[in-house]
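>>> For reference, the sequence and a predicted model appear below.
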Amino acid sequence: MKFFASCGKGLEYLLADEMLALGCTRATATMAGVNVEGELIDAQRAVLWSRLASRVLWPITEFDCADEHALYAGVSAVDWEAHLGPGHTLAVDAHVSGEALTHARYAAQRVKDGVVDVLRAKTGARPDVDIESPDVRLNLVVRKNRAIVSIDLGGGPLHRRGWRRAQGEAPLKENLAAAVLMRGQWPALYRDGASLLDPMCGSGTLLIEGALMAGDVAPGLQRHGAALPTRWRGFDNAAWQSLVEDAQRRRDIGLLALRPAFFGSDADARILEAARGNAQAAGVGHVLDLRPTPIETLTRATDFGPRGLVVCNPPYDARLAADPALYRALGDALRRNAPEWRASLLCGDDDLARATGLRANKRYQVFNGAIECTLIVCDPIAPPQRAVDAPPPTLSEGAQMVANRLRKNLKKLKTWREKEGVDNFRAYDADLPEYAAAIDVYTDADSREQWLHVQEYAAPAEIPEATTRKRLNELLAAARDVFGIPKERIALKTRSIGKGGSKYGRFDRRGEYLVVREGDARLRVNLFDYLDTGVFLDHRPLRLQFAKDARNKRFLNLFCYTGAATVQAAQGGAASTTSVDLSGTYLQWLSDNLNENGIGGGRHRLVQADAIQWLLADRGDYDLIFCDPPTFSNSARANDFDVQREHVRMLRAALMRLAQGGSLYFSNNFRRFKLDEAALSDIASIEDVTASTIPPDFARDARIHRCWRLRRLGMDAR
């Protein structure tokens, strides 16, 4: 069954990971939530254990909803006796978009009317409405004339943990506090013996959440306990009781073993009393050390432990008059007193984050209610600095040669990059034969930090390993010198040649993604975990051409990889997109890319299949087709693929799906590839468009790929 877990914007990917960790079969991030696949007990477990979800919604009906009459009719078609018992109270939350239904409260009223009328007709009695504490809370979403009615399994907002007794002027939601801690990797740090410090702790939300995490306390345990979160008749009461008993056992063990590793301070002594009360209510008061201390007189972190995490939610909204000087004082205090610790700081915006003067390794956009905030992670808070009088490291003669070539290339590309707005590009590609590597530059779309992706080409066998290692180190030293980038932002790969081309494999398991911008699109790249990053930079011109040409067209992307071309076509106004790939990993990546751009709905179809077999079975028409197959691939789920051997059969099948006046772009990077034009001459006109698809940063090696435009000859019956 599919269900939906909602969350604040910016927490979607963390929540997707959490849903998978809780045992769900599949979790796909979308705007302000996650589409989840699993069983009812998985959803109930999420109600009890999710630290990030706002609500867990179990759908019971879905229908077309063009107007209020369709809404009422769709709700009235449900057998509500299966969901509500005699005497149950009811509440409806509604979220609507579109032109037909514009008022959420009215839509909620019509849902209530439908439920009440059905039950009155069948039982002679109607449920009462209880907005605050209903027995069953329903949730309505209407989007693009489609309505989904769900049971709110948690009975209300899950960020309310049940321990808050008092709060400051601008309380932090508990699920956002959990995200701040998770981004700082707090659970793993605690297991390694670290401490937690909040130097502006307010009413204690971050410290209490951190202690409950460390103590293995289910966030829904105090909110619900053994009581049912909903009296919906479909709820598995026995399973809930079993989940609660297990959570109680884990809580008792966890709190007993909890270390006193939680330290907080605040300039306002009165608010610390509220923090103490909240901590006592949460059952963690015995492990919190709270002190009335202004940020300027912060105690050295070594008093709290040798290592740890600083978390903080300094003031930033209009009511609290965000002051850049306060952020500067916070940054200065942390550099002085906790230079070797990690920090996860929730700042009001990018300007306030920069006001701290801290260098962020990671930067995330999140929402605290309606307020868009910037979450920065610094690790460590103050990296060791080179002595002021120490001369910069001297580059060797070889490194200096590479540095000079890099600067020459950057100067040559500068005018083009500024004119075209290119952030991600190839800066070097074995320009000096002895230094055989490619250097690609990626720019974070939000922080504007640059990252390098360095691919070392396999050296000839006769070159001694010590020589290749020395040259690689010289190339890396040159790159760091030219770009001023720390080694933490350089991903290094070695590409070895195997059958059919380069071997592709997994290199790391960081799971870290960088969002970059290409034209109007935002694309997720992974620089460390795979040989390729998720975006082939040499295809940039072709993707941007799709963005221009795709308006109102049906776009098909075969061997779609991570779907960058699909995103560009969708951003360009494609009437529909269909993306086909055999890899579930790549399709998930594509789904994340679409979500990153706010693109979703039934118009954008993702198909996990062998591309050729799918083409032979499909009967759709497409105005614009992109086919960029691998040189060679094998899979347990499909026949081996060789582009030279299979391209005629593949292209003929694709041309049969091409609509009148449409274009098929076929590309591949197999350097010995020969297009069999004679075998296609009876069905297609063929134009080599390679030159127009090679960007300036790849001009040095124009053989990076070949590309042809094919158009169907005639439109005979299919």
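Received, thanks. These figures come from a predicted structure and were not determined experimentally. Numbering: from 1, shown residues only.

>>> show me what contacts Leu140?
Going by CB atoms under 8 Å, 6 or more residues apart in numbering, Leu140 touches 92-96, 107-108, 111, 147-150. Every residue, glycine included, has its C-beta placed from N, CA and C.

>>> are any of those residues buried, and which?
92-94, 96, 107-108, 111, 147-150 (16 or more other CB atoms under 10 Å).

>>> returning to that earlier point: can you tell me which of the contacts of Leu140 is nearest Val643?
Ile148 (42.6 Å; CB to CB).

>>> What does the pLDDT read for that closest one?
Predicted confidence (pLDDT) for Ile148: 96.

>>> Give me the packing partners of the helix or strand that it is a member of, helices and strands only.
Secondary-structure assignment from DSSP states H and E places Ile148 in strand 146-152. Strand 146-152 sits against strand 55-64, helix 68-76, strand 136-143, with contacts defined as 3 or more CB pairs under 8 Å, 6 or more residues apart in numbering; DSSP states H and E.

>>> hmm, 10 Å instead?
Applying 3 or more CB pairs under 10 Å, 6 or more residues apart in numbering; DSSP states H and E, we find strand 146-152 packed against strand 2-6, strand 55-64, helix 68-76, strand 89-96, helix 104-123, strand 136-143.

>>> what about the longest one, distance to the chain center?
Averaging C-alpha coordinates over helix 104-123 and over its chain gives two centres that are 38 Å apart (CA atoms, centre = their mean, to the nearest Å).

>>> buried sites along it?
Buried positions in helix 104-123, judged by neighbour count with 16+ other CB under 10 Å: 104, 107-108, 110-116, 118-119.

>>> Ala77: which of the buried ones among the contacts of Leu140 is nearest?
Val149 (10.5 Å).

>>> tell me the domain boundaries of this protein?
Following automatic domain parsing, one finds the domains of the chain at 2-152, 174-215+258-378, 397-502, 536-712.

>>> Let me know which of those domains is the nearest to Pro229.
Nearest of those (CB to CB): domain 2-152, 5.7 Å.

>>> Okay, now that closest one: how far is its last residue from its first?
14 Å (CA to CA, to the nearest Å).

>>> re earlier: any chance of the contacts of Leu140 in JSON lines with distance to Asp481 as columns?
Shown next, in JSON lines, are those (distance: CB to CB, whole Å):
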{"residue": "Val92", "distance to Asp481": "62"}
{"residue": "Asp93", "distance to Asp481": "57"}
{"residue": "Ala94", "distance to Asp481": "58"}
{"residue": "His95", "distance to Asp481": "52"}
{"residue": "Val96", "distance to Asp481": "56"}
{"residue": "Ala107", "distance to Asp481": "60"}
{"residue": "Ala108", "distance to Asp481": "61"}
{"residue": "Val111", "distance to Asp481": "64"}
{"residue": "Ala147", "distance to Asp481": "59"}
{"residue": "Ile148", "distance to Asp481": "55"}
{"residue": "Val149", "distance to Asp481": "60"}
{"residue": "Ser150", "distance to Asp481": "56"}
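
>>> and which of those is nearest to Ala611?
Among the contacts of Leu140, and counting by CB to CB, the member closest to Ala611 is Ile148, at 32.0 Å.

>>> Who are the contact partners of the closest one?
4, 57, 59-63, 65, 74, 95, 139-142 (CB atoms under 10 Å, 6 or more residues apart in numbering).

>>> Name the member of the residues you listed with the most neighbours.
Cys65 (28 neighbours; other CB atoms under 10 Å).

>>> State the distance from that residue to Trp341.
52 Å (CB to CB, to the nearest Å).

>>> Could you export the helix or strand where Ala653 lies as PDB, CA atoms only?
According to DSSP H and E, Ala653 maps onto helix 643-655. Below are the C-alpha coordinates for helix 643-655, written out as PDB (Å, rounded to 0.1, in the frame of the first residue of the first chain):
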ATOM      1  CA  VAL A 643      25.400  -0.300 -29.100                       C
ATOM      2  CA  GLN A 644      27.100  -1.200 -32.400                       C
ATOM      3  CA  ARG A 645      25.300  -4.500 -32.700                       C
ATOM      4  CA  GLU A 646      21.800  -3.300 -31.500                       C
ATOM      5  CA  HIS A 647      21.600   0.300 -32.800                       C
ATOM      6  CA  VAL A 648      19.700  -0.400 -36.000                       C
ATOM      7  CA  ARG A 649      17.000  -2.500 -34.300                       C
ATOM      8  CA  MET A 650      16.700   0.000 -31.500                       C
ATOM      9  CA  LEU A 651      16.500   3.100 -33.800                       C
ATOM     10  CA  ARG A 652      13.900   1.400 -36.100                       C
ATOM     11  CA  ALA A 653      11.800   0.700 -33.000                       C
ATOM     12  CA  ALA A 654      12.200   4.200 -31.700                       C
ATOM     13  CA  LEU A 655      11.300   5.700 -35.200                       C
END
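
>>> Show the subsequent helix or strand relative to that helix.
strand 658-668.

>>> Contacts only, for the nearest residue to Asp429 once chain neighbours are set aside.
Nearest non-adjacent residue to Asp429, counting by CB to CB, 6 or more residues apart in numbering: Ala438, 4.8 Å away. Ala438 makes contact with 426-431, 453-457, 493, 495, 537, 698, 701, 704, according to CB under 10 Å, 6+ apart.

>>> The spatially closest residue to Val689 that is not a sequence neighbour and Arg645: what is the separation?
Distances taken as CB to CB, 6+ apart put Arg709 closest to Val689, at 4.9 Å, once the chain neighbours are dropped. Taking CB to CB as the measure, Arg709 falls 22 Å from Arg645.

>>> Neighbour count: these two, which is higher?
Using other CB under 10 Å as the criterion, Arg709 and Arg645 rank with Arg709 on top: 16 against 11.

>>> before we move on, back to that, can you tell me which of the buried ones among the contacts of Leu140 is closest to Leu542?
For these, the residue nearest Leu542 by CB to CB is Ile148; the value is 37.3 Å.

>>> Can you tell me who that closest one pairs with across the strands?
Glu62, Val141 (DSSP bridges).

>>> next one: Leu452
Applying DSSP bridges, one finds that Leu452 bridges with Val441, Ile490.

>>> for Leu288, same thing?
Residues in beta-bridge contact with Leu288 (DSSP bridges): Phe262.

>>> I'd assumed Arg276 was in contact with it.
Yes: using CB atoms under 10 Å, Leu288 is in contact with Arg276, at 7.4 Å.

>>> Which residue of the two possesses the greater neighbour count?
Leu288 (26 against 18).

>>> which residues does that one contact?
With contact taken as CB under 10 Å, 6+ apart, Leu288 is in contact with 196, 198, 201, 204, 207-208, 210-211, 260-264, 272, 275-276, 278-280, 282.

>>> Now restrict those residues to buried residues only.
Looks like these have 196, 198, 201, 204, 207-208, 210-211, 261-264, 272, 275-276, 278-279, 282 buried, using 16+ other CB under 10 Å.

>>> picking up where we left off before, which of the buried ones among the contacts of Leu140 sits closest to Gly234?
Comparing the buried ones among the contacts of Leu140 against Gly234 with CB to CB places Ser150 closest, at 11.4 Å.

>>> Correct me if wrong: the closest one contacts Val141.
Yes: with contact defined as CB under 10 Å, Ser150 counts as touching Val141 (7.7 Å).

>>> quick one: which of the contacts of Ile148 is nearest Phe559?
Looking across those and measuring by CB to CB, the closest to Phe559 is Phe4, at 30.8 Å.

>>> And for Ala329, nearest residue in space, chain neighbours not counted?
Ile295 (5.4 Å).

>>> and stretch 562-578, how far apart are its ends?
Terminal residues of stretch 562-578 lie 13 Å apart, using CA to CA.

>>> which parts of it are buried?
Quick answer for stretch 562-578 (16+ other CB under 10 Å): 562-572, 574, 576-578.

>>> Please apply the same query to stretch 682-697.
Of the residues in stretch 682-697, those buried (16+ other CB under 10 Å) are 683-684, 686, 689, 693-697.

>>> Could you do stretch 149-169 as well?
149-156, 158-161, 163-164, 166-168.
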